[in-house]
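Peer 1: Sequence first, then the predicted structure:
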Amino acid sequence: MPSAHPKSPQPLKGVRILSLCLNLPGPAALQRLRAMGASCVKFEPPAPAGAAASVTGDPMSIYSVEGYSALQAGIRTRVVDLKTQTGQRTLHTTLAKTDVLMTSFRPSALLKLGLGWNALHKQYPHLSWVGIVGAPGALADAPGHDLTYVAEHDLVTGLDLPATLYADMGGSLMASEAVLQAVLLQRQQGKGSRFEVALSDAAAHLARPRQWGATVPGTVLGGAHAGYRVYPCKNGRVALAALEQHFAKSLCARVGLTWTGASMMLKADTHEAIAQFVAGKTRSALDKLSVAHDIPLHTLSK
């Protein structure tokens with residue numbers, strides 16, 4: 001087993017965060033902030049009437065019970081119906097003791113809950129607000145989800161769904177970064193500030209190598225380099241990443257190819273030789289090859 005990570009610093013110790021965020025981006029950001037020492041509270045709406053015992057007011061509890069449980073670890077969670085007077089009183093009592101509010105509602109829904117920035121800033125000058133939305137500015141009320149945002153930026157291939165929720169997880173990183181910025185500004189200026197994090201912007205950031213043309217088919221990072229590809233092996237697959245010359249040269253030596261320069265990695269016969277070599281190896285043999293000859297690769301069972 002890999003060694004445990006060293007205990008991280010606690011730069012947010014003493015910072016109080018209230019999250020009204022549901023689904024994935026906000027709760028994932030809240031976990032990162034908790035790991036940095038923040039005191040984190042999450043308000044959830046009541047569960048739907050007649051729902052199973054495992055279902056809460058956060059849809060993530062339906063999509064993935066395991067994911068929901070992981071996101072709740074160490075977070076103080078309360079069921080609060082913000083559409084009621086009691087819920088509003090609980091909200092404002094908590095806001096009076098909060099440093100950063102996180103939300104993931106559309107702007108129109110926030111206004112219905114009495115959570116416009118101007119009113120909040122006037123009532124709680126010290127409070128900062130990080131709002132997670134789907135798209136920035138005037139498009140913030142438009143419907144969308146992770147899949148639409150990654151598709152918008154050419155990150156969906158064929159009819160297969162992406163292997164993970166890229167925009168959501170990228171957005172969670174941007175949201176935790178926004179909280180750090182808000183806390184720094186509070187300490188510098190003594191007042192709160194507002195940040196908007198758009199999931200479509202997170203997808204756009206992740207897609208930048210694609211937009212540059214760096215990963216499109218036929219480029220070095222798009223399959224043209226024989227040392228940077230996924231190949232079938234005897235009992236699975238191998239993700240081979242022998243990109244730099246010293247890695248590629250070591251790989252070619254194992255395959256039995258005479259090194260003639262970096263350009264050979266773009267030739268069809270090099271691709272064929274490496275494919276045949278890998279096809280005859282088990283995952284275990286490839287793992288040992290990686291360690292013995294300093295070749296970056298990762299084997300996969302399927």
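Peer 2: Now that the structure is in, tell me what you want to look at.

Peer 1: could you pull out the strands for the stretch 51-200 of the chain?
Peer 2: Applying DSSP state E, counting those that start in this stretch to the stretch 51-200 of the chain gives strands spanning 76-79, 100-103, 128-133, 194-198.

Peer 1: For the spatially closest residue to residue 190 that is not a sequence neighbour, the count of nearby residues, please.
Peer 2: The shortest distance from residue 190 to any non-neighbouring residue, by C-beta to C-beta, 6 or more residues apart in numbering, is to residue 126 (7.6 Å). From N, CA and C alone the C-beta is placed, and that goes for glycine too. Close neighbours of residue 126, defined as other C-beta atoms under 10 Å, add up to 12.

Peer 1: ditto for residue 106
Peer 2: For residue 106, the count of nearby residues is 16 (other C-beta under 10 Å).

Peer 1: how long is stretch 219-236 end to end?
Peer 2: Stretch 219-236 has an end-to-end distance of 25 Å (C-alpha to C-alpha, to the nearest Å).

Peer 1: In contact with residue 112, which residues?
Peer 2: By C-beta atoms under 8 Å, 6 or more residues apart in numbering, the contact set of residue 112 is empty.

Peer 1: what does residue 128 give?
Peer 2: Contacts for residue 128 (C-beta under 8 Å, 6+ apart) come out as 99, 100, 101, 179, 182, 183, 185, 186, 192, 193, 194, 195.

Peer 1: got the contact list for the first one?
Peer 2: Applying C-beta under 8 Å, 6+ apart, we find residue 99 in contact with 15, 16, 17, 126, 127, 128, 183, 186.

Peer 1: which of those sit farthest apart?
Peer 2: Across the contacts of residue 99, no pair lies farther apart than 17 and 126, at 13.3 Å, counting by C-beta to C-beta.

Peer 1: I'd like the contacts of residue 128 laid out as a markdown table, including pLDDT and distance to residue 55.
Peer 2: Conversion of those to a markdown table gives the following (pLDDT from 0 to 100; distance: C-beta to C-beta, whole Å):
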| residue | pLDDT | distance to residue 55 |
| --- | --- | --- |
| 99 | 98 | 31 |
| 100 | 98 | 28 |
| 101 | 98 | 26 |
| 179 | 98 | 28 |
| 182 | 98 | 32 |
| 183 | 98 | 34 |
| 185 | 97 | 38 |
| 186 | 96 | 37 |
| 192 | 97 | 34 |
| 193 | 97 | 36 |
| 194 | 97 | 33 |
| 195 | 98 | 31 |
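
Peer 1: closest to residue 280 among these?
Peer 2: The nearest member of the contacts of residue 128 to residue 280, counting by C-beta to C-beta, is residue 179 at 51.1 Å.

Peer 1: Report how many residues lie close to that closest one.
Peer 2: Here the number of neighbours of residue 179 (other C-beta under 10 Å) works out to 26.

Peer 1: my guess is it contacts residue 132, does it?
Peer 2: No: assessed by C-beta atoms under 8 Å, residue 179 is found out of contact with residue 132, at 10.9 Å.

Peer 1: Now do the shared contacts for the two.
Peer 2: Applying C-beta under 8 Å, 6+ apart, one finds that residue 179 and residue 132 are jointly contacted by 29, 102.

Peer 1: As a quick check, tell me the outermost residue of this protein.
Peer 2: The centre of the chain is farthest from one residue, residue 258, which by C-alpha atoms, centre = their mean lies 41.8 Å away.

Peer 1: Show the model's pLDDT score for that one.
Peer 2: Note on residue 258: pLDDT of 97.

Peer 1: tell me the SS of it?
Peer 2: Following DSSP: H, G, I helix; E, B strand; the rest coil, residue 258 is assigned to coil.
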